[in-house]
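Undergrad: any chance you could fold what I've pasted below:
(3 chains)
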Amino acid sequence: MRLAEFTAQASDYAVRVDTLFALLSIISGAVVALVAGLITYFLIRYHRGSRAPRGETPERLDREIEIGWTAATFFSFLFLFWWAASDQLSALVTPKNPLEIHVVAKQWMWRIQHPSGAREIDELHVPANTNVQLVMTSQDVIHDLYLPALRLKQDVLPDRYTSLSFNATKTGVFHLTCAEFCGTDHSVMAGRLVVVTPDEYARWNAAQPEGDDLAHQGERLFHSLGCSGCHAPGATVHAPDLHGLYGRPVQLSDGRTVAADEAYLRDCILLPDKNRVAGFPPVMPNFTGSLDEAQVVTLVAYIKSLGAAASTGSR
Amino acid sequence: MSEMTLPFAPAEHVGASSYLDEGHTVLSWLLTTDHKRIAILYALSITIFFFIGGVAIGLVRLELISPTGWFMTSDEYNRAFTIHGIIMVWFFLVPSIPATMGNFILPLMIGAPDVAFPRLNLLSWYLYVIGAGFTVYVLLTGGVDTGWTFYPPFSSNYSNSSVVAAAAGVFVVGFSSIATGVNFLATTHLLRAPGMTWFRLPLFAWSMYVVSLVMVLATPVLAMSLLLISAERLFGLPIFDARVGGDPVLFQHIFWFYSHPAVYIMILPAMGVVSEVLPCFARRRVFGYAFMVYALLMIGIVGFMVWGHHMFVAGQSPFANLVFSFLSFIVAVPSAIKVFNWTATLYRGQIGFEAPMLYALGFIGLFTIGGLTGLFLASVPIDIATTDSYFVVAHFHTIMVGGTVSAFMAGIHYWWPKVTGRMYHEFAAQFAAITMFLGFNLTFIPQFIMGWLGMPRRYHMYPDVFQIWHVLSSGGAAVLAVAYLLPLGYLTWSLIGGDRAGDNPWQATGLEWQTSSPPPKQNFLHPPRVTSAPYQYHELGRAREEGEPTSVSGQGGTS
Amino acid sequence: MTDLSDALQEPWSDLRLQREAVGLGMWFFLASEVLFFAALFCSYAVYRSFNAEAFRIAAAHTKLIYGSINTALLLTSSLTMTIALRAATARLQRMTLFFLGLTVLLGLAFLVTKGLEYYGDIEEHLIPGSTFPLKPAATEIFWALYWVMTGIHAIHLTAGIGVVIVVMLLFGREIVPVQGSTMEGVAIYWHFVDTVWIFLYPLIYLGGRT
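TA: Model (predicted):
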């Protein structure tokens, strides 16, 4: 393993982070030099028995100095906060239609699912210069996906989705590892981030053994589990229509209105009591224990493929 | 407070002249209500646990010499770093200065005969001992492996270790903190000597007051977080269980709501000690006393508002991240002010380089560096890159070891003559101080570097590109170990054969120096009366120059 | 009658100041207790805001009658405690003991009622686990918090009862005079335990029962 797998600047964001680090280092260095320098100077000049002039300093001057350096410190820190906050905010703009890759963490490995259906373990292939969004969940304890070359990490939580967005600008192999203590083999829960050109990514995808993409896998599951029995248009049981559901606001029976995002759809499948939809009988079965995270991901992908809110819902 | 009533009972009998002579049996120590003896009981206990925690990390640093480990399994390694954290935070750092120096010196410093509730004080030590007992039980039953932070679901549903016993130990020792805090608060409010107004209190007394407020208000929240983890683990009550809609991140909020103020519990007393040592050895009053007081208060208060900076990647909203980042920058301002004021205190001083001063100077340098690296971590993008890496580990060790332990050593040496009536060997102490400073830097500068390069924390095995930094760091740890053993040697020697100390060997101001070394049980033979501000070093210096008799006046003119 | 000087503890020489100290100390201790319960109540508030429906369903199974009886008992016990404090300050030893005794009885009655309530809850399997009867899943969180909140409160009340009994013995055997500083601290603590219940009662029992 080479150090460059950790320290490379694999994205523009990484460059910004390094710049901020350099700025802080320079300012800190200056402060340390100032304080250490002054102290050293005072220790030498005013050591016991030296003949430097002593005596009181005027109190007004003391007060003004005090206020002076308090204000200077406060405004410097404000400046640093502003710089850091702008970096933070600019990284938060989520681009439209990112390439969504699903990550499932478990003790002590990373399972990756690409939208094409390709799967990897402990390796994450991504195309360069593409907006990627990792949608992540854990099967057990809290983990954290750490990508040093992108200067990014994000905790991965059980029963919830968290996400990490980036745009890698450099191809190569970089380090991937867990950064939240998760038990015995926490320190070996590592892998590789493989950034390739978009062409190579497409070829790599096509070459993967798993044939179907996530949505088709989900469609097969949707039928084999009997979901279509209630959720199909002609069903006798009154169940919400899933066409155009993704992204739409949903009115719940307890009065809340929520957006039908991935987390909502996952909860509907695994914790149906949590979000009862207004106007429908509470008969949705609970699939906790019958489905693993990867299967849930395929079902969610299928529902998304049934059209987002604006489309007229065609298959 | 009525000026007509003395705040304490007059000495009914002038018995033994030293508190150490009031009874020589073990029982006279175990059942004492004398704050000075209780301070010594605490000092012995925390020293024992400091070395146990030190052995744990010694094993860790030894193991980390090899990237694949060489004598521990991963489970053993995880237990070693966990117990190091638990012991060092709760059984050493949190009680260190308050329970030893606060207990011994605070009543003396404000002119009181004891703390407000002496029996509660003894109880607080027993609570420490009971908590420590749980920790020993944990050690004997194979340890705990959750990290000192006890995050669920790992701690509640997955760990196969003595989690509940460890949580119980911390729970109990937390109440020791709270009892000490309550005692110091009441003492400061009601037992100050006549003339000792709030703004005549020495800064150490102020630091004890503010730290007591923080201990009383923050520690119970920790207690509840650990109680809930234990309820989940013992009785299967799903509080943080995501499978039924619970939220493990809620634990983090509750835990850090305490644990951030906890780091201020660990640093405020250290700042108080430095504010006593520096003026004495620079022969100069503290620069900007009022601002120093306000800085302590502001750190204590704003310190309660920044806990979310431990959770920037935990799943908090970006808005929360922004707010916590902002407040974290703000809370750094008063700390910076204190550093500037200490520096200015040296200006035009008459500076000596005795061991307490060396330790205090080490504190200022290392606290400045540690505090500045805190600004790095307050910046969200830097924190995202460096949290859960050795950068954070180096940051908090710089403040807690470079800062608090240095100040603890400064205080031990400064007040050693007062407590024991003996002087320690000055050169040995100076040598230890310098060794400690050098060993510290060799241990932790490599950790800053490898943290920024991408080395995660709590890793038993690691990519071999980081080996050089780990080896350097472990080398430094070996130097530190030597530096910590030296004081054990020369301080013990001082008890047996050290020179007898006078009442005020440092020519310091402050009421504690107006009584004998060691003090009598009731602290003062005659009730002190305060007529001026603290740190009257300028007046002392002037008097000496003009050839006047240099009795230390101002605070405690008892004649 | 015990001598006033028997009431003095080290390091105090003035009884008024000692009483002030005990009061102040107890208030600081209560501040820590407030934070202790606040962490718990905040958790409750957070979960309720995210699971309002589930919490309503779960709370409907709490036993309002027992809860309300307990509220009456505890509020009355605060009254008897206040009277005991007044009696103590007026140096009326027998009256102090009488009202302290009533307070103990009311406290014990609370615990007995709570015990009966717990017995009923257990019969209905309202303990989170495999036999838990309610849906949706978040109702388990309400009930987990129920056991922790009422349990911690009951422990505090039991400790209070124990302290009052000990204090009654100290007063009864004239080891400590009633007009000392002890009653101050005991009374403040007792009122605190009552106040926690006043917040707990609506959160546990009145949710979903409008």
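Undergrad: near chain A at all, the helix or strand bottoming out on mean pLDDT in chain C?
TA: In chain C, the helix or strand scored least confidently by mean pLDDT, DSSP states H and E is helix C:52-59, which has a mean of 91. Yes. For helix C:52-59 and chain A, the contact criterion (CB under 8 Å from any CB of the partner chain) is met by C:Ala52, C:Glu53, C:Ala54. C-beta coordinates here come from the backbone N, C-alpha and C atoms, glycine included.
Undergrad: and what of stretch B:240-256?
TA: Yes. Residues of stretch B:240-256 are located near chain A by CB under 8 Å from any CB, namely B:Ala242, B:Arg243, B:Gly245, B:Pro248, B:Val249.
Undergrad: dump those residues to TSV, plus secondary structure, pLDDT and neighbour count.
TA: What follows is these, written out as TSV (DSSP: H, G, I helix; E, B strand; the rest coil; pLDDT from 0 to 100; neighbours: other CB atoms under 10 Å in any protein chain shown):
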residue	secondary structure	pLDDT	neighbour count
B:Ala242	helix	91	20
B:Arg243	helix	88	16
B:Gly245	coil	88	22
B:Pro248	helix	96	27
B:Val249	helix	96	19
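Undergrad: a markdown table for those residues, including distance to A:Arg16?
TA: A markdown table is the format used below for the residues of stretch B:240-256 next to chain A (distance: CB to CB, whole Å):
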| residue | distance to A:Arg16 |
| --- | --- |
| B:Ala242 | 34 |
| B:Arg243 | 39 |
| B:Gly245 | 38 |
| B:Pro248 | 31 |
| B:Val249 | 27 |
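Undergrad: distance between the host helix or strand of B:Ile384 and the chain's centre?
TA: Element membership of B:Ile384 [criterion: DSSP states H and E] is helix B:380-386. Put simply, helix B:380-386 sits 28 Å off its chain's centre (CA atoms, centre = their mean, to the nearest Å).
Undergrad: packing partners of that helix?
TA: On a contact count with 3 or more CB pairs under 8 Å, 6 or more residues apart in numbering or on different chains; DSSP states H and E, helix B:380-386 meets helix A:12-45, helix A:59-92, strand A:152-156, helix B:318-346, helix B:355-378.
Undergrad: re the thing from before, which of the residues of stretch B:240-256 next to chain A lies closest to chain A?
TA: B:Ala242 (3.6 Å; CB to the nearest CB).
Undergrad: contacting residues around the nearest residue to the closest one once chain neighbours are set aside?
TA: Using CB to CB, 6 or more residues apart in numbering or on different chains and skipping residues adjacent in sequence, the residue nearest B:Ala242 is A:Asp159, 3.6 Å away. With CB atoms under 8 Å, 6 or more residues apart in numbering or on different chains as the criterion, the residues that contact A:Asp159 are A:Thr137, A:Leu270, A:Leu271, B:Ala242, B:Arg243.
Undergrad: same thing but 10 Å
TA: A:137-139, A:263, A:266-267, A:270-271, A:288, A:293, B:153, B:241-248 (CB atoms under 10 Å, 6 or more residues apart in numbering or on different chains).
Undergrad: list buried residues within the residues you listed.
TA: Buried by 16 or more other CB atoms under 10 Å in any protein chain shown: A:137-139, A:263, A:266-267, A:270-271, A:293, B:153, B:241-248, out of these.
Undergrad: before we move on, back to that, select, out of the helices and strands packed on helix B:380-386, the one closest to B:Val94.
TA: Of all the helices and strands packed on helix B:380-386, helix B:355-378 sits nearest to B:Val94, with 17.7 Å by CB to CB.
Undergrad: and for B:Phe22, the neighbour number?
TA: Heads up, residue B:22 is Glu, not Phe. 17 (other CB atoms under 10 Å in any protein chain shown).
Undergrad: repeat that for the one 5 residues further on.
TA: The number of residues packed near B:Leu27 is 8, by other CB under 10 Å.
Undergrad: what strand or helix carries it?
TA: Using DSSP H and E, B:Leu27 maps to helix B:26-30.
Undergrad: how about stretch C:106-118: buried residues?
TA: C:Leu106, C:Gly107, C:Ala109, C:Phe110, C:Thr113, C:Lys114, C:Glu117, C:Tyr118.
Undergrad: the fourth one reaches C:Ile69, doesn't it?
TA: Read that as C:Phe110. Yes. Applying CB atoms under 10 Å as the test, C:Phe110 and C:Ile69 come out as touching, 8.6 Å apart.
Undergrad: just to revisit the earlier point, out of the buried residues of stretch C:106-118, which one sits closest to C:Ile175?
TA: Nearest to C:Ile175, judged by CB to CB, of the buried residues of stretch C:106-118 is C:Gly107 at 22.5 Å.
Undergrad: and the pLDDT at A:Ser314?
TA: Note for A:Ser314: predicted pLDDT of 38.
Undergrad: just C:Met183 next, same as before
TA: For C:Met183, the predicted pLDDT is 89.
Undergrad: what's the angle from the very next helix or strand once past the helix holding B:Ile384 to helix B:355-378?
TA: Per DSSP H and E, the first helix or strand lying C-terminal to helix B:380-386 is helix B:390-397. Using axes from the mean of the first three to the mean of the last three CA atoms, to 10 degrees, the inter-axis angle of helix B:390-397 relative to helix B:355-378 is 140 degrees.
Undergrad: I appreciate the help and will end here.
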